[in-house]
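Q: Below are the sequence and a predicted model for it; my questions follow.
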Amino acid sequence: MLERIEHRACFGGWQDVYEHASRALGCTMRFGVYLPPQAAAPGARMPVLYWLSGLTCTEQNFITKAGAQRYAAEHGVVVVAPDTSPRGEHVPDADGYDLGKGAGFYLNATQAPWATHYRMHDYVVEELPTLVEAQFPVDDRRAISGHSMGGHGALVLALRNPGRYRSVSAFAPIVAPSQVPWGEKAFTAYLGEDRAAWREWDACALLAGASERLPLLVDQGEGDEFLDTQLRPDLLRAACAEAGHPLTLRLQPGYDHSYYFMASFIGDHLAHHARALQA
Ligand SMILES: N[C@@H](CCC(=O)N[C@@H](CSC=O)C(=O)NCC(=O)O)C(=O)O
């Protein structure tokens with residue numbers, strides 16, 4: 001059962017928010033859907049870009065701050081923006097913004113008390129697309145992108161699911177969560193102490209064995225407050241070089257970690273995905 005809870009005209013199309021009961025997560029979830037003007041044509045079947053937001057975000061941050069709708073309308077791409085974790089009173093949480101609600105890390109947790117609800121990989125890769133493809137005028141052409149924790153999600157979900165996405169990009173992604181404080185804290189809680197299990201959810205670790213070489217587009221602000229501690233694009237550059245994986249890493253002078261940065265380059269990312277989705 002899908003309930004529309006927001007419906008706003010936007011660049012000739014519609015920015016909507018839906019609520020539904022998620023089986024994968026065992027809770028009620030919300031996601032944003034931008035339907036470009038082309039989606040209203042009889043018989044239309046549009047491609048979809050899945051956007052994964054970062055720590056502390058809900059479905060609202062991207063749809064209200066990134067300005068992506070203008071470019072989605074221009075290129076005829078539907079944009080789906082889910083929440084970043086399971087939600088609800090019955091869902092476990094933790095102190096701090098970087099674990100628990102708002103910090104699902106797009107993985108399937110294996111440890112108590114997280115394992116029951118924290119299954120964002122299965123939600124984003126399977127349950128949500130199945131729902132979207134049944135309920136909206138879209139087909140199975142999919143792309144994925146995200147920011148920070150969501151950039152980690154985009155890279156890992158694309159690497160773990162060859163053939164599922166036609167393109168991938170990221171803004172300021174956490175590229176090696178096994179090696180930085182945000183990731184070490186989350187992976188210890190969600191996956192346990194055995195670091196071997198972490199490799200399955202770490203983009204830099206997955207690159208060596210990837211069976212699909214989908215080119216990566218990554219934008220990173222040089223003025224990002226998390227650049228050297230949490231993000232480490234140098235590790236992504238090295239892992240891609242080692243694996244022979246195509247990478248366009250654009251270091252953007254002066255830009256920080258905020259949505260001002262993403263709004264400045266989101267048009268380039270929509271164009272990148274539109275080329276792959278419409279090829
Ligand atoms: N201490 C900050 C950290 C939260 C933060 O910066 N969140 C980013 C994503 S960081 C990596 O995933 C974000 O997107 N924030 C939302 C926004 O609209 O900017 C804090 O608690 O604010």
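A: Structure received. Numbering: from 1, shown residues only.

Q: Now residue 149: closest residue in space that isn't a chain neighbour?
A: residue 54 (4.5 Å; Cβ to Cβ, 6 or more residues apart in numbering). (Glycine included, C-beta is placed from N, CA and C.)

Q: Apologies, that question was intended for residue 151.
A: Leaving out its chain neighbours, the residue that sits closest to residue 151 by Cβ to Cβ, 6+ apart is residue 173, at 2.6 Å.

Q: Quick one: neighbours of the nearest residue to residue 91 once chain neighbours are set aside, just the number.
A: Leaving out its chain neighbours, the residue that sits closest to residue 91 by Cβ to Cβ, 6+ apart is residue 117, at 4.9 Å. Taking other Cβ atoms under 10 Å as the criterion, the count of residues near residue 117 is 23.

Q: can you count the residues close to residue 250?
A: 12.

Q: which ones are touching it?
A: Residue 250 makes contacts with 217, 218, 219, 220, 265, as judged by Cβ atoms under 8 Å, 6 or more residues apart in numbering.

Q: which among the residues you listed gets closest to the ligand?
A: Compare each of those with the ligand using Cβ to the nearest ligand atom and the shortest gap goes to residue 220, at 12.7 Å.

Q: three-state assignment of the closest one?
A: strand (DSSP: H, G, I helix; E, B strand; the rest coil).

Q: was I right about it contacting residue 172?
A: Yes: with contacts counted by Cβ atoms under 8 Å, residue 220 reaches residue 172, the gap being 5.4 Å.

Q: Comparing the two, which residue is more hemmed in?
A: Remark: of residue 220 and residue 172, residue 172 carries more neighbours, 29 against 23, as counted by other Cβ under 10 Å.

Q: for the ligand, what are the nearby residues on this structure?
A: 54-57, 61, 65, 97, 147-149, 257-259 (Cβ under 6 Å from any ligand atom).

Q: related to what we said a few turns ago, anything in contact with each of residue 220 and residue 172?
A: The overlap between the contact sets of residue 220 and residue 172 (Cβ under 8 Å, 6+ apart) consists of 227, 231.

Q: nearest residue to residue 265 other than its sequence neighbours?
A: Nearest non-adjacent residue to residue 265, counting by Cβ to Cβ, 6+ apart: residue 219, 4.9 Å away.

Q: ignore the last one, residue 111
A: residue 192 (5.0 Å).

Q: If I look at the one you found, what pLDDT would I see?
A: The predicted structure scores residue 192 at 98 on the pLDDT scale.

Q: Can you report how many residues neighbour it?
A: Here the number of neighbours of residue 192 (other Cβ under 10 Å) works out to 14.

Q: One more: residue 75?
A: For residue 75, using other Cβ under 10 Å, the count is 20.

Q: Okay, and the beta partners of the closest residue to residue 135 other than its chain neighbours?
A: Counting by Cβ to Cβ, 6+ apart, residue 2 is the residue found nearest to residue 135 once chain neighbours are left out, at 5.7 Å. Under DSSP bridges, the beta-bridge partners of residue 2 are residue 20.

Q: hang on, the earlier thing: let me have the contacts of residue 250 in a markdown table, extended by pLDDT.
A: Putting these into a markdown table (pLDDT from 0 to 100) gives the following:
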| residue | pLDDT |
| --- | --- |
| 217 | 98 |
| 218 | 99 |
| 219 | 99 |
| 220 | 99 |
| 265 | 99 |
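
Q: from these, which would you call buried?
A: Taking 16 or more other Cβ atoms under 10 Å as the criterion, what is buried in these is 217, 218, 219, 220, 265.

Q: if we can go back for a sec, quick check: of the contacts of residue 250, which lies closest to residue 276?
A: When those are compared for distance to residue 276, the smallest value, 10.0 Å, is given by residue 217; criterion: Cβ to Cβ.

Q: Which residues are in contact with the closest one?
A: Residues near residue 217 by Cβ under 8 Å, 6+ apart: 167, 168, 169, 170, 248, 250, 268, 269, 272.
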